[in-house]
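> give me a 3D structure for the following:
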Amino acid sequence: MASDPTTRARYATIIEGALRRIPLHRRGTSGASADAGLVYAQTLLNLPAELGADPPCGAVVDGEGHSRPHYRGLLYYAVFRAARLSAVVDEAANPWRRQFERACATVAMVEGTSPIPASIGASVADAVWMALAARAASDSTRTDAIFQSIVERQMPAGPFLAAARSDNPETHWYHELVILHAVASYAALTNDRRSFVAAVRAAEFHQNETQPDHATNQPWCLFAFLMKPNTFPLADQILHAAMTLGEPSPITSILLADALYCLRASPPPP
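Residues are numbered from 1 along each chain as shown. Reported below is the predicted structural model:
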């Protein structure tokens with residue numbers, strides 16, 4: 001099981017090997033590129049890390065030319081995690097911190113007590129990743145309320161979003177994966193038991209009810225699917241897809257790096 005140190009170490013070795021096969025050199029040069037997030041993998045692998053790009057002022061583009069709202073929070077998170085691991089990145093990240101504070105003003109809280117509708121999944125994904133980036137930047141508890149709201153409003157069967165008949169299943173599943181990854185990483189960063197439990201329940205929902213490979217070939221939720229043995233099949237499937245379907249994008253390297261960090265740094269889930 002995932003709490004078994006031998007199993008955790010084995011998967012950490014597999015993920016590290018996958019990361020080392022990815023070309024971790026920058027291709028984009030602007031603040032709109034996700035390439036800056038490569039510093040996360042570079043620092044974890046003890047490779048030379050340089051944060052050369054300006055922070056994003058707007059949309060962030062992945063290696064395939066796609067732009068999604070939650071990419072900006074994911075990119076900030078990767079840079080701030082790398083800054084915790086590298087003095088060189090930490091010093092270079094000061095402009096990112098200043099821009100991040102301005103960007104936070106555009107994030108809406110996930111308010112309410114009813115299930116969160118899947119129709120606002122993109123906004124929720126953006127909010128949780130900006131909240132996770134804030135946690136990585138300063139250990140501040142000011143954004144914990146976002147995760148508390150997500151966990152409290154999780155549906156009994158496991159999903160974080162309530163889908164209507166008009167919602168596209170693949171889009172719904174994709175946003176579920178993006179949110180689950182953030183919740184699981186938050187649990188690893190804070191050792192919050194409620195978030196661990198919520199992440200395990202959501203991972204089991206995906207194992208039983210969805211087809212993540214129909215929603216994305218990016219390795220979202222790898223750490224979440226390694227929490228319990230019954231969701232290992234999805235972890236294996238996602239890891240295989242990420243490494244075999246074309247050239248891995250910077251987003252892939254960030255997500256693999258985060259799974260590796262969480263496996264190494266977090267306590268076993270309850």
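> tally of neighbours for the closest residue to residue 220 other than its chain neighbours?
Closest residue in space to residue 220, ignoring its immediate chain neighbours: residue 177 at 4.1 Å, by C-beta to C-beta, 6 or more residues apart in numbering. (C-beta placed from N, C-alpha, C; glycine too.) By the criterion of other C-beta atoms under 10 Å, residue 177 has 26 neighbours.
> name the helix or strand for residue 177, please.
Using DSSP states H and E, residue 177 maps to helix 169-190.
> the helix or strand that that helix is followed by vs helix 169-190, what angle?
Toward the C-terminus, helix 169-190 is succeeded by helix 193-209 as the next helix or strand (DSSP H and E). For helix 193-209 against helix 169-190, the angle by axes from the mean of the first three to the mean of the last three C-alpha atoms, to 10 degrees is 150 degrees.
> which strands and helices sit next to the helix-or-strand element of the chain with minimal mean pLDDT?
Across the helices and strands of the chain, mean pLDDT, DSSP states H and E gives its lowest value to helix 212-215, namely a mean of 83. Helix 212-215 is packed against helix 169-190, helix 232-244, with contacts defined by 3 or more C-beta pairs under 8 Å, 6 or more residues apart in numbering; DSSP states H and E.
> ok, how many other residues are close to the closest residue to residue 93 other than its chain neighbours?
Of all residues not flanking residue 93 in the chain, residue 83 sits nearest, at 4.3 Å (C-beta to C-beta, 6+ apart). For residue 83, the neighbour count with other C-beta under 10 Å is 25.
> which other residues reach the least confident helix or strand of the chain?
With contact meaning C-beta atoms under 8 Å, 6 or more residues apart in numbering, helix 212-215 is reached by 169-171, 173-174, 177, 206, 220-221, 234, 237-238, 241.
> for the helices and strands packed on helix 212-215, which one ends up most surrounded?
Each of the helices and strands packed on helix 212-215 was scored by mean neighbour count; the highest is helix 169-190, a mean of 24, by mean count of other C-beta atoms under 10 Å.
> average pLDDT for that one?
Average pLDDT, helix 169-190: 95.
> flag the shaky bits of the chain, pLDDT-wise.
Where the chain drops to pLDDT under 70, the residues are 1-3, 26-32, 108-109, 113, 245-247, 267-270.
> all strands for it, in order.
In the chain, the strands defined using DSSP state E lie at 116-117, 161-162.
> okay, those strands in CSV with distance to residue 38 and mean neighbour count next?
Converted to CSV, the strands of the chain look like this (distance: least, C-beta to C-beta, whole Å; neighbours: other C-beta atoms under 10 Å):
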stretch, distance to residue 38, mean neighbour count
strand 116-117, 32, 18
strand 161-162, 30, 19
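> dump those into JSON lines; add distance to residue 92 as well.
As requested, the strands of the chain are exported to JSON lines (distance: least, C-beta to C-beta, whole Å):
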{"stretch": "strand 116-117", "distance to residue 92": "36"}
{"stretch": "strand 161-162", "distance to residue 92": "36"}
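> distance of the residue located most distally from the centre of the chain from residue 136?
No residue in the chain sits farther from the centre than residue 165, which is 27.4 Å out by C-alpha atoms, centre = their mean. Distance of residue 165 to residue 136, computed by C-beta to C-beta, to the nearest Å: 37 Å.
> and what of residue 55?
For residue 55, the distance to residue 136 - C-beta to C-beta - is 14 Å.
> with residue 151 instead?
19 Å.
> repeat for residue 172
Distance from residue 172 to residue 136, by C-beta to C-beta: 27 Å.
> just residue 73 next, same as before
Distance, residue 73 to residue 136, using C-beta to C-beta: 10 Å.
> which of these two has more residues huddled nearby?
Comparing residue 73 with residue 136 by other C-beta under 10 Å, the one with more neighbours is residue 73, at 26 against 22.
> which ones are touching the nearest residue to that one once chain neighbours are set aside?
The shortest distance from residue 73 to any non-neighbouring residue, by C-beta to C-beta, 6+ apart, is to residue 129 (2.8 Å). Shown in contact with residue 129 (C-beta under 8 Å, 6+ apart): 70, 72-74, 76-77, 178, 182.
> residue 111 too?
residue 149 are the contacts of residue 111 under C-beta under 8 Å, 6+ apart.
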